[in-house]
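Undergrad: 3D model of this:
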Amino acid sequence: MAVRIRLSRFGRKKKPFYRIVVADSERQRDGKFLDIVGTYDPMQNPAAITINAVKLQDWMGRGALPSTTVKSLIKKTPVSE
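TA: Alright, predicted model coming up:
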């Protein structure tokens with residue numbers, strides 16, 4: 001089972017809101033997930049990104065790989081190690 005850290009979409013049509021979740025790579029985008037690591041709201045100006053650093057480091061320590069989009073969001077936020 002490959003575990004990925006990726007975005008799960010919520011919100012209405014044309015008003016997206018995303019959760020940064022840890023899920024099995026074979027699950028659907030909005031399907032079952034293991035844990036919520038943070039949120040991403042692209043509709044705010046500037047976009048609001050919140051990440052729980054402790055959970056993120058824990059899952060990455062267990063071998064979870066972030067998607068390319070989540071990797072770029074992690075670089076944009078001041079996540080302390």
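Undergrad: which stretches of this protein aren't confidently modelled?
TA: Applying pLDDT under 70 to the chain picks out residues 1, 79-81.
Undergrad: just the strands in it please.
TA: Assigned by DSSP state E, the strands in the chain fall at 3-12, 15-24, 35-41, 48-51, 65-66.
Undergrad: what's the last one in contact with?
TA: If I follow you right, that is strand 65-66. Judged by C-beta atoms under 8 Å, 6 or more residues apart in numbering, the contacts made with strand 65-66 from elsewhere in the structure are 2-6, 60, 74. Every residue, glycine included, has its C-beta placed from N, CA and C.
Undergrad: So which of the strands of the chain is nearest Pro78?
TA: Shortest separation from Pro78 across those is recorded for strand 48-51, at 9.4 Å, computed as C-beta to C-beta.
Undergrad: Show me what that closest one is packed up against.
TA: Helices and strands in packing contact with strand 48-51 are listed as strand 35-41, helix 68-76; criterion 3 or more C-beta pairs under 8 Å, 6 or more residues apart in numbering; DSSP states H and E.
Undergrad: can you state the direction angle for the first one and helix 68-76?
TA: By that I understand strand 35-41. Here strand 35-41 runs at 80 degrees with respect to helix 68-76, directions being taken by axes from the mean of the first three to the mean of the last three C-alpha atoms, to 10 degrees.
Undergrad: Which neighbours in the sheet does strand 35-41 have, and how are they oriented?
TA: Looking at strand 35-41 with DSSP bridges, its partner strands are strand 15-24 (antiparallel), strand 48-51 (antiparallel).
Undergrad: How far off centre is it?
TA: Once both centres are worked out by C-alpha atoms, centre = their mean, to the nearest Å, strand 35-41 turns out to sit 5 Å from its chain's centre.
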